[in-house]
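Engineer: need the 3D shape of this:
(2 chains)
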Amino acid sequence: MADTLVPEIVDAPPAEERRRPPRVRKTPVTYLMRFVVTAYLFFLVAWPVSLVATNTFANGFDSIRSLVEDPDMVVALQLSAYVAVWSVVINTLFGVGISLLLVRHEFPGKRLLNALLDIPLSVSPIVVGLALVLVYGGRNGWFGPFLLDAGFQVIFSTPGIIMATTFVALPLMIREIVPVLEEIGTEQEQAAESLGASGLQRFWRITLPSIKWGITYGVVLTLARSLGEFGAVKVVSGNVLGQTRTATLAVEEKYLNFDQQGAYATAFLLAMVSVACIVVVAIIRPKNHP
Amino acid sequence: MSIEVRGLNKNFGDFVALDDVDVTIPTGQLTALLGPSGGGKSTLLRIIAGLEKADTGSVSIEGVEATHLPAQKRNVGFVFQHYAVFKHMTVAKNVAFGLEIRKRPKDEIEHRVRELLELVHLSQFAHRLPSQLSGGQRQRMALARALAVEPSVLLLDEPFGALDAKVRKELRDWLRRLHDDVHVTTVFVTHDQEEALEVADEIVVINEGRVEQVGTPDQLYDEPANDFVMSFLGEVTHLGGLALRPHDIELESSPSLAGSVEGTISRLVRIGFEVRLTVLTVDGEEVSVVVTRAHARAQRLEEGRTVWLTPAPGAAVVPRMAAAV
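Structural biologist: Just a heads-up that it's a prediction; the model follows:
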């Protein structure tokens, strides 16, 4: 079959995949706009954040050292990391599932579900914390006493912190994946199906690799958001030093106790983790995924 | 018979896509499903592949009852209009996909992929990503991918529809030759009657969810079952209650043949080697006639001249219907 007599087909070179945007003529307005944008970002973002860094290192590495030597702070940082990781895992699993449901299936109440998914972004985290206490509160909650009798404390404990953090970061993953799923369509999966792939094989071999960059960005955003969550966690955690106090709560505590060095150092560490995530993704992502 | 479709019905809401369709597709042949857009031919193909579910009716492939078989168990190759390439895999990996799913030994897969890439002239692109290929190359890759699993039938949904005219023509010839070599039962959907007439062994004309006619290209062209098939396969004009092709009308400057119709040339356009005339007959019909340039010159045809028209002997004619298309 390989040595069939088929005439050679002359192929046109593939079209240029990525086109440069047309060059716009630079006018004084262009420069003015650049200046406004740069100044805006500088005063709102770059300068304040850089001040946190300079304050942290005002005495060299002393503030960082005293931070990691304080066992309560180590617990707070560990708790923050633990909570953030769980929030990322839960939101990734449910995010992929809910996104597939939203994009690939029609069902009554789909628009309502879609709207509900934005609630965590639009409602203040404080409200989220209070709502969770109402349901899972150990003494007066709707569901809490039952769980407490079963030996499972939610509020004022790690599960509550994880729930609050997961709730607040819930839409980030879904909003990253849904557009990607919509763009890739179902044809690749149908092709895989006709080639004999089962549902699970199609998911692992086709769908997941196609949305992996969406998931990656979702993980980064969820991680950053989870590490930084403050309001909802403050309500549900009980803020017990060395037990349920997360790093963000510790920042506030230190700041209020006039330990500004410690507050800045903790804030700096939190910020660095998020920045590191974004930088790593920017480096490893392929060029044609904007 | 390779594919047997019986009593197929499919509705999308109020829209009737397929209306009680019966089709038999012969083994080892290249069959075209031809019809206008939205006529239901793609739906029929997708139901045969198992990518769409019929409301009622049955499908059997190679004697196996397939109506309720999922697509992954039907062993059909499917080629999509927009290629449906696996973007994150190299060309070789794309072609190997079906074989890897079937857990074939590694060296067998490698050998088969090399063979297929040679067949579709993509050997030198084996390690590229699909985004680095042109449209025609992607579609050839998709074809190799579908052929890799040795499907019992190969289904192509407007396979050349997204390509430009030149590549389209090349691939069309190439598909015909490929089929002559590979002999897998092939069904392709097209709305281009020239493509169907040129490539297919057999054509199924589908319109508004119904099969209008099944036959070889010659049968369809020479003995169209009705006005629709006739008009869909080429230009049609009407003369004395008959539908026929404009080039099948004989035109004379004096009434020498019995039954000829008198008329006046109201318009004359020359396009390259042919001359298109509009003749207004004494019965008030507007008839299009196509003659060769030489013929027009020999008879000194010009606007305003009186001529006599007769259907040429052996012309394909069908009685004009009330609901002519």
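
Engineer: need phi/psi at whichever residue of the stretch 201-325 of chain B sits closest to chain A.
Structural biologist: At 18.5 Å from chain A, residue B:201 is the closest residue in the stretch 201-325 of chain B, using C-beta to the nearest C-beta. Quick note: C-beta positions are derived from backbone N, CA and C, even for glycine. Per-residue torsions, residue B:201: phi -80, psi -40 (degrees, to the nearest 10).

Engineer: around chain A, which positions in the stretch 201-325 of chain B sit nearby?
Structural biologist: By the rule C-beta under 8 Å from any C-beta of the partner chain, no part of the stretch 201-325 of chain B lies against chain A.

Engineer: quick one, helices of the stretch 201-325 of chain B?
Structural biologist: Ranges of helices within the stretch 201-325 of chain B are B:217-222, B:227-233, B:293-298, based on DSSP state H, counting those that start in this stretch.

Engineer: mean neighbour count, these: which tops it?
Structural biologist: Highest mean neighbour count among the helices of the stretch 201-325 of chain B (mean count of other C-beta atoms under 10 Å in any protein chain shown): helix B:227-233, with a mean of 22.

Engineer: redo the helices of the stretch 201-325 of chain B as CSV? Include distance to residue A:165 and mean pLDDT.
Structural biologist: Formatted as CSV, those follow (distance: least, C-beta to C-beta, whole Å; pLDDT from 0 to 100):
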stretch, distance to residue A:165, mean pLDDT
helix B:217-222, 68, 90
helix B:227-233, 63, 89
helix B:293-298, 82, 88
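
Engineer: and those: which comes nearest residue B:55?
Structural biologist: helix B:227-233 (24.5 Å; C-beta to C-beta).

Engineer: packing partners for the closest one?
Structural biologist: helix B:193-199, strand B:202-207, strand B:210-215, helix B:217-222, strand B:242-244 (3 or more C-beta pairs under 8 Å, 6 or more residues apart in numbering or on different chains; DSSP states H and E).

Engineer: recalculate using a threshold of 10 Å.
Structural biologist: strand B:30-34, helix B:193-199, strand B:202-207, strand B:210-215, helix B:217-222, strand B:242-244, strand B:317-319 (3 or more C-beta pairs under 10 Å, 6 or more residues apart in numbering or on different chains; DSSP states H and E).

Engineer: centroid-nearest residue for chain B?
Structural biologist: Computing the C-alpha centroid of chain B and ranking residues by C-alpha atoms, centre = their mean puts residue B:196 first, at 3.2 Å.

Engineer: neighbours of whatever residue of the stretch 151-300 of chain B ends up closest to chain A, how many?
Structural biologist: Using C-beta to the nearest C-beta, the single residue of the stretch 151-300 of chain B nearest to chain A is residue B:181, 4.3 Å away. Here the count is done by other C-beta atoms under 10 Å in any protein chain shown, and residue B:181 has 13 residues near it.

Engineer: got the angle for the helix or strand where it lies vs strand B:30-34?
Structural biologist: Using DSSP states H and E, residue B:181 sits within helix B:165-182. Relative orientation of helix B:165-182 versus strand B:30-34 (axes from the mean of the first three to the mean of the last three C-alpha atoms, to 10 degrees): 140 degrees.

Engineer: what comes up buried for helix B:165-182?
Structural biologist: Of the residues in helix B:165-182, B:167-168, B:170-172, B:174-175, B:178-179 count as buried by neighbour count, 16 or more other C-beta atoms under 10 Å in any protein chain shown.

Engineer: stretch B:273-280 too?
Structural biologist: B:275-279.

Engineer: got the contact list for residue A:155?
Structural biologist: A:129, A:132-139, A:141, A:144, A:147-148, A:161, A:163-164, A:235-238, A:244 (C-beta atoms under 10 Å, 6 or more residues apart in numbering or on different chains).

Engineer: if we use 6 Å, what do you get?
Structural biologist: A:133, A:136-138, A:236 (C-beta atoms under 6 Å, 6 or more residues apart in numbering or on different chains).

Engineer: in the chain, what helix or strand scores lowest on average pLDDT?
Structural biologist: Let's take chain A. Lowest on mean pLDDT, DSSP states H and E among the helices and strands of chain A sits helix A:144-149, with a mean of 84.

Engineer: what's that helix in contact with?
Structural biologist: A:136-138, A:154.

Engineer: so how far is that helix off the chain centroid?
Structural biologist: On the basis of C-alpha atoms, centre = their mean, to the nearest Å, helix A:144-149 sits 31 Å off its chain's mean C-alpha point.

Engineer: ok, stretch B:243-259 next?
Structural biologist: Mean C-alpha position of stretch B:243-259 versus that of the full chain (C-alpha atoms, centre = their mean) differs by 31 Å.

Engineer: just stretch A:253-269 next, same as before
Structural biologist: That offset, for stretch A:253-269, works out to 24 Å (C-alpha atoms, centre = their mean).

Engineer: what helix or strand is the residue sitting nearest the centre point of chain A located in?
Structural biologist: Centroid-nearest residue in chain A: residue A:222, 1.4 Å away (criterion: C-alpha atoms, centre = their mean). Secondary structure assignment for residue A:222, by DSSP H and E: helix A:212-228.

Engineer: and the helix or strand following that helix, how far out from the chain middle?
Structural biologist: Proceeding N to C from helix A:212-228, the next assigned helix or strand is helix A:231-237, under DSSP H and E. Put simply, helix A:231-237 sits 18 Å off its chain's centre (C-alpha atoms, centre = their mean).

Engineer: isn't residue A:247 up against residue A:78?
Structural biologist: No. Counting by C-beta atoms under 6 Å, residue A:247 does not reach residue A:78; the two are 9.0 Å apart.

Engineer: between the two, which is the more surrounded one?
Structural biologist: When neighbours are counted by other C-beta under 10 Å, residue A:247 and residue A:78 differ, and residue A:247 comes out ahead with 25 against 12.

Engineer: returning to what we had before: next, format the buried residues of helix B:165-182 as a markdown table and append pLDDT and distance to chain A.
Structural biologist: Listed next are the buried residues of helix B:165-182 as a markdown table, based on pLDDT from 0 to 100; distance: C-beta to the nearest C-beta, whole Å:
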| residue | pLDDT | distance to chain A |
| --- | --- | --- |
| B:167 | 87 | 7 |
| B:168 | 89 | 12 |
| B:170 | 88 | 6 |
| B:171 | 88 | 8 |
| B:172 | 90 | 11 |
| B:174 | 88 | 6 |
| B:175 | 89 | 10 |
| B:178 | 88 | 6 |
| B:179 | 90 | 11 |
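
Engineer: which of the residues you listed lies closest to residue B:36?
Structural biologist: Ranked by distance to residue B:36 (C-beta to C-beta), the buried residues of helix B:165-182 are led by residue B:168 at 18.4 Å.

Engineer: helix, strand or coil for residue A:168?
Structural biologist: helix (DSSP: H, G, I helix; E, B strand; the rest coil).

Engineer: what's around the closest residue to residue A:126 other than its chain neighbours, how many residues?
Structural biologist: Closest residue to residue A:126 in three dimensions, ignoring its sequence neighbours and counting by C-beta to C-beta, 6 or more residues apart in numbering or on different chains: residue A:231, at 4.5 Å. Neighbourhood size, residue A:231 [other C-beta under 10 Å]: 16.

Engineer: quick check: residue A:231 touching residue A:127?
Structural biologist: No. Counting by C-beta under 6 Å, residue A:127 is not a contact partner of residue A:231; they are 8.6 Å apart.

Engineer: now the residue nearest to the centre of chain A: how far from residue A:101?
Structural biologist: Using C-beta to C-beta, to the nearest Å, residue A:222 is found at 19 Å from residue A:101.

Engineer: thinking again about what came up before, what touches both of residue A:231 and residue A:127?
Structural biologist: In contact with both residue A:231 and residue A:127: no residue, using C-beta under 6 Å, 6+ apart.
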